[in-house]
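Participant: The sequence and its predicted three-dimensional model are supplied below.
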Amino acid sequence: MDKMIIFDLDGTLWDSSVQVAESWNMVLEENTGRKWNLTAADISRNMGKTMDQIADDLFSEYEPDERYAMARYCEVFENAYITEHGGDMYPGVTETLHKMHEAGYIMSVVSNCQKDYVRAFLDSMKMHEVFTDYEEWGRSGYLKADNIRLVMQRNNISGAVYVGDIQADADAAAKAGVPCIWASYGFGHIEHPAAVLDSFDKLPALLKELGIIG
């Protein structure tokens, strides 16, 4: 198997919107002296964006420098909170990923998240051995299409498929020159995906159907 399966994280492997909202409410109240009452819906509608883009939405009443500073202390606290509390894995993800790893699939994660958020996921869900590599906007400074290319290049991978849940994932995959499978159980919709994944445990069979994996 010389092709890589690259996964989005939020809305594809797990849903951490409840835990992220909890952590942000705690740290924002501590740093601003007011209650915020952010909800899981506030977080989930922003999944797939960079932290600065999320700050533009949620902290728009503040000047840019201040809102981005707020995002920085939110993301640091969030990483620690997620490491301890985890998120909610979608049905079948844990078992299927371990089976795919044992079968020799080459897998990685590419997300528009802050630095160390993927590591928090890997730590909390004990998934380090499953993935060959990962990249994130907060670490590389690149958006998703460039990070897809980066992960492929440094692992000497010529072909890949991206699994994501929103149109921005499909757009990034297209820009990187790889097909996108739509995780339809996630947060959004994708127009004209290479295939539709409605249950994660169906992924290995779907990859074989598409001829991506023999």
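Facilitator: Cool, the structure landed. Residues are numbered from 1 along each chain as shown.

Participant: Per the annotation, how does the protein divide into domains?
Facilitator: 3-15+88-210, 17-85 (automatic domain parsing).

Participant: okay, those in CSV with mean neighbour count and mean pLDDT next?
Facilitator: C-beta: built from backbone N, CA, C; applies to glycine. Shown next, in CSV, are the domains of the chain (neighbours: other Cβ atoms under 10 Å; pLDDT from 0 to 100):
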stretch, mean neighbour count, mean pLDDT
domain 3-15+88-210, 19, 97
domain 17-85, 17, 94
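
Participant: From residue 14, how far off is the nearest residue to residue 199 once chain neighbours are set aside?
Facilitator: Closest residue to residue 199 apart from its sequence neighbours, by Cβ to Cβ, 6 or more residues apart in numbering: residue 92 at 6.3 Å. Applying Cβ to Cβ, to the nearest Å, the value for residue 92 to residue 14 is 12 Å.

Participant: Residue 124 too?
Facilitator: In terms of Cβ to Cβ, residue 124 sits 9 Å off from residue 14.

Participant: Which residues are in contact with each of these two?
Facilitator: Counting by Cβ atoms under 8 Å, 6 or more residues apart in numbering, the residues touching both residue 124 and residue 14 are 86-87.

Participant: gap between residue 153 and residue 4?
Facilitator: Using Cβ to Cβ, residue 153 is found at 11 Å from residue 4.

Participant: Could the C-alpha coordinates of the longest helix along the chain be exported in PDB?
Facilitator: Counting by DSSP state H, the longest helix found in the chain is helix 64-85. The C-alpha trace of helix 64-85 is given here as PDB (Å, rounded to 0.1, in the frame of the first residue of the first chain):
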ATOM      1  CA  PRO A  64      -8.000  42.300  15.700                       C
ATOM      2  CA  ASP A  65      -4.800  42.300  17.900                       C
ATOM      3  CA  GLU A  66      -6.900  41.600  21.000                       C
ATOM      4  CA  ARG A  67      -9.100  39.000  19.400                       C
ATOM      5  CA  TYR A  68      -6.100  37.100  18.100                       C
ATOM      6  CA  ALA A  69      -4.400  37.300  21.500                       C
ATOM      7  CA  MET A  70      -7.600  35.900  23.100                       C
ATOM      8  CA  ALA A  71      -7.400  33.000  20.500                       C
ATOM      9  CA  ARG A  72      -3.900  32.300  21.600                       C
ATOM     10  CA  TYR A  73      -4.700  31.700  25.300                       C
ATOM     11  CA  CYS A  74      -7.800  29.900  24.300                       C
ATOM     12  CA  GLU A  75      -5.900  27.400  22.200                       C
ATOM     13  CA  VAL A  76      -3.200  26.700  24.800                       C
ATOM     14  CA  PHE A  77      -5.800  26.000  27.500                       C
ATOM     15  CA  GLU A  78      -7.900  24.000  25.000                       C
ATOM     16  CA  ASN A  79      -5.000  21.700  24.200                       C
ATOM     17  CA  ALA A  80      -4.500  20.800  27.800                       C
ATOM     18  CA  TYR A  81      -8.200  20.400  28.400                       C
ATOM     19  CA  ILE A  82      -8.600  18.200  25.300                       C
ATOM     20  CA  THR A  83      -5.600  16.100  26.300                       C
ATOM     21  CA  GLU A  84      -7.200  15.400  29.600                       C
ATOM     22  CA  HIS A  85     -10.900  15.100  28.600                       C
END
